[in-house]
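Student: Provided below for reference: sequence and predicted model.
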Amino acid sequence: MFRIKELNDNELVQRFIEGDQNSLEILIHRHKNRVYSYILLIVKNQELAEDIFQETFIKVIRSLKRGKYVENGKFVSWVLRISHNLIIDHFRKEKLQGTVSNDSLEIDVFNSNKFSEDTIEDQMVNSQILSEVKELIKELPEDQQQVIYMRHYMDMSFKEIADQTGVSINTALGRMRYALINLRKLIKQKKLILTRI
């Protein structure tokens with residue numbers, strides 16, 4: 001007898017796209033712990049993690065229905081990328097509105113001393129140039145985008161980034177180095193001036 005739970009992720013995705021709602025329920029159930037744990041690890045707030053988790057799967061459903069999922073790797077990696085982007089959006093919105101509360105965080109996400117140094121890395125968090133930098137970051141390879149977001153928007157250490165992305169610390173550091181080199185090239189090509197006034 002055919003057992004739907006034995007299908008792999010991409011087969012379940014295909015069945016959902018063809019109209020089988022049960023397939024999506026199985027996918028969510030299969031990956032909920034990993035996705036929720038990832039979100040909670042970063043936001044460190046259970047209520048917020050639950051909200052972002054729900055938003056993630058709403059976006060997953062919409063993207064699948066619009067045919068925006070391309071089978072080029074693991075389904076769960078794609079879902080984690082969506083949750084990662086929603087976390088970034090949340091932190092960015094709160095920062096721009098000036099409503100960030102660090103009470104529930106073990107670390108102070110936005111008031112780190114390193115942000116006061118006048119380097120290209122630190123200029124990225126300057127609200128004055130945030131939108132231009134955000135557009136530049138989108139032009140980088142995905143692994144470089146990820147390390148910049150985790151380091152500068154989430155204030156994660158390179159050890160945390162390495163653990164979270166499943167690479168060595170040296171690889172995480174290398175990705176940051178190449179990201180910064182590429183950003184400098186883009187800034188030069190576009191003749192942008194990204195400095196504090």
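Tutor: Alright, I've got the coordinates.

Student: name the SS class of the nearest residue to residue 87 once chain neighbours are set aside, please.
Tutor: Spatially, and ignoring its direct neighbours in sequence, residue 87 is nearest to residue 42 (5.4 Å; C-beta to C-beta, 6 or more residues apart in numbering). Every C-beta, even on glycine, is put in place using the N, C-alpha and C of the backbone. Of the three states, residue 42 takes helix under DSSP: H, G, I helix; E, B strand; the rest coil.

Student: ok, how many other residues are close to residue 33?
Tutor: Neighbour count for residue 33, taken as other C-beta atoms under 10 Å: 9.

Student: and residue 159, by the same measure?
Tutor: Using other C-beta under 10 Å, residue 159 has 10 other residues around it.

Student: what is the host helix or strand of it packed up against?
Tutor: Using DSSP states H and E, the element containing residue 159 is helix 158-165. If contacts are counted by 3 or more C-beta pairs under 8 Å, 6 or more residues apart in numbering; DSSP states H and E, helix 158-165 sits against helix 142-148, helix 169-189.

Student: out of those helices, deepest packed?
Tutor: Most buried of these by mean neighbour count (mean count of other C-beta atoms under 10 Å) is helix 142-148; its value is a mean of 19.

Student: what residues does the helix holding residue 159 touch?
Tutor: Helix 158-165 has contacts (C-beta atoms under 8 Å, 6 or more residues apart in numbering) with 38, 41, 143, 146-147, 150-151, 156, 168-169, 171-173, 176.

Student: those residues: which two are farthest apart?
Tutor: Spanning the widest gap among the contacts of helix 158-165 are 38 and 173, at 21.6 Å by C-beta to C-beta.

Student: lowest-confidence helix or strand of this protein?
Tutor: Here the helix or strand of the chain ranked lowest by mean pLDDT, DSSP states H and E is helix 120-123, holding a mean of 44.

Student: burial measure for the closest residue to residue 46 other than its chain neighbours, as a count.
Tutor: Excluding the flanking residues, the one nearest residue 46 by C-beta to C-beta, 6+ apart is residue 40, at 6.7 Å. Using other C-beta under 10 Å, residue 40 is surrounded by 16 other residues.

Student: wait, residue 40 sits on residue 47?
Tutor: No - Residue 40 is beyond contact range of residue 47, at 10.4 Å (criterion: C-beta atoms under 8 Å).

Student: tell me the domain boundaries of the protein?
Tutor: With domains defined by automatic domain parsing, the chain comprises 1-110, 112-197.

Student: quick one: the residue nearest the centre of the chain and residue 91, what's the gap?
Tutor: Geometric centre of the chain, nearest residue: residue 84, 2.5 Å, by C-alpha atoms, centre = their mean. Residue 84 sits 11 Å away from residue 91 when distances are taken as C-beta to C-beta, to the nearest Å.
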